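Participant: Quick one, structure for this:
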Amino acid sequence: MKSCLLSLLILLAQHIGSAQTPAHHRFKLNLTGLADRQVQLAYEFRKSPRKSLEITAGAQYPAIDHSQVFYGQWVTYYAYRQAAIDQPVVEYEGTGRRLADLPPYIVKHRFFIKAGQRYSWRLPKRKSLELFVQPSLGLSKNTTYHIEDFTTAISQWKELWPTPDANPANYRESVVTYYRQSRLMNLESFVAPVIDLSAGLVFTPWRGLVIEGRVGAFGEWWLSAPTPKYKFLYLNSIEPSIMLLAGWAF
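Facilitator: Here you go, the predicted model:
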């Protein structure tokens, strides 16, 4: 009876083992992202030596100049002096200055999650090395400072300056234009679909340690442009990336 029960348990264990594919798990951290104030973690489930599924989540807090960002409206006045209408040389008049140029938006922080299918090929003579290609899809949540500038010429006047020869018929003319600049800045949050394509090389010097280098391109499809007059789906940007990841496999 005991021998029959033992044989039944062995057969059951063999059946369960043959019915399930051994799982290979990898947890990785993007080391290069830390220099860009980004934390990115990846989990890879290897369904087979050739195919695996990777899920990546991350957060980024870009370095920004906090002296240039605010909430609300900022108004400044300044004047330009032009030596002559037909001359391009222009200089400031007085102490007023135009606000520094800024892009239409500044990213405050970003959160993203993506998943992709990985296709791998082991090098025939180096079993510890493998090449891979991985397309991924996901979502990102961006919080940005939305910036709009409005500049208006308030007034303009001409000034006549006598020439060194003191001849009343000869004079120098300069034009002074007075401007009002208004900058509006507010905080906006929105979710955008993302697409990512990367390729690279994985090195496993011994069981448990994973070192991975990859190059890729990360694109965001924004549902609305940073400027209110545009409302459509468009590709905001494609960000190239070079990453070095390290992690543990079991």
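Participant: For the rest of this, base every contact and every neighbour count on C-alpha atoms.
Facilitator: Fine.
Participant: Check which helix or strand the nearest residue to Val107 once chain neighbours are set aside maps to.
Facilitator: Residue nearest to Val107 in three dimensions, not counting chain neighbours: Thr144, with 4.3 Å by C-alpha to C-alpha, 6 or more residues apart in numbering. Take DSSP states H and E as the rule and Thr144 turns out to sit in strand 126-162.
Participant: how close does the residue nearest to Val107 get to Ala100?
Facilitator: 18 Å (C-alpha to C-alpha, to the nearest Å).
Participant: what about these two, which has more around it?
Facilitator: Thr144 (20 against 6; other C-alpha atoms under 10 Å).
Participant: Please name the residues that touch that one.
Facilitator: Contact partners of Thr144, counting by C-alpha atoms under 8 Å, 6 or more residues apart in numbering, are 105-109, 187-189.
Participant: now Ala63
Facilitator: Counting by C-alpha under 8 Å, 6+ apart, Ala63 touches 36-37.
Participant: any idea how far Asp101 is from it?
Facilitator: 17 Å.
Participant: Same question for Val69.
Facilitator: In terms of C-alpha to C-alpha, Val69 sits 12 Å off from Asp101.
Participant: Neighbour count: these two, which is higher?
Facilitator: Taking neighbours as other C-alpha under 10 Å, Val69 and Asp101 compare with Val69 leading, 17 against 8.
Participant: Tell me, please, where in this structure the pLDDT is lower than the cut-off.
Facilitator: Low-confidence segments of the chain (pLDDT under 70): 1-23, 84-88, 161-170, 222-237.
Participant: Just the strands from it, written as ranges.
Facilitator: 24-30, 38-46, 51-60, 72-82, 90-93, 105-123, 126-162, 171-203, 209-222, 234-249 (DSSP state E).
Participant: can you list the residues that contact the first one?
Facilitator: Looking back up the chat, that one is strand 24-30. Outside strand 24-30, the residues within contact range by C-alpha under 8 Å, 6+ apart are 39-47, 210, 243-250.
Participant: cool, and the fourth one?
Facilitator: Counting contacts by C-alpha under 8 Å, 6+ apart, the residues outside strand 72-82 that touch it are 88-99, 174-186.
Participant: Just the buried residues from the residues you listed, in PyMOL please.
Facilitator: Burial among the contacts of strand 72-82 is assessed by 16 or more other C-alpha atoms under 10 Å; the matching PyMOL selection reads:
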select buried, resi 98+99+174+175+176+177+178+179+180+181+182+184+185
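Participant: So Val90 versus Ser48, what's the distance?
Facilitator: On the measure of C-alpha to C-alpha, Val90 and Ser48 end up 68 Å apart.
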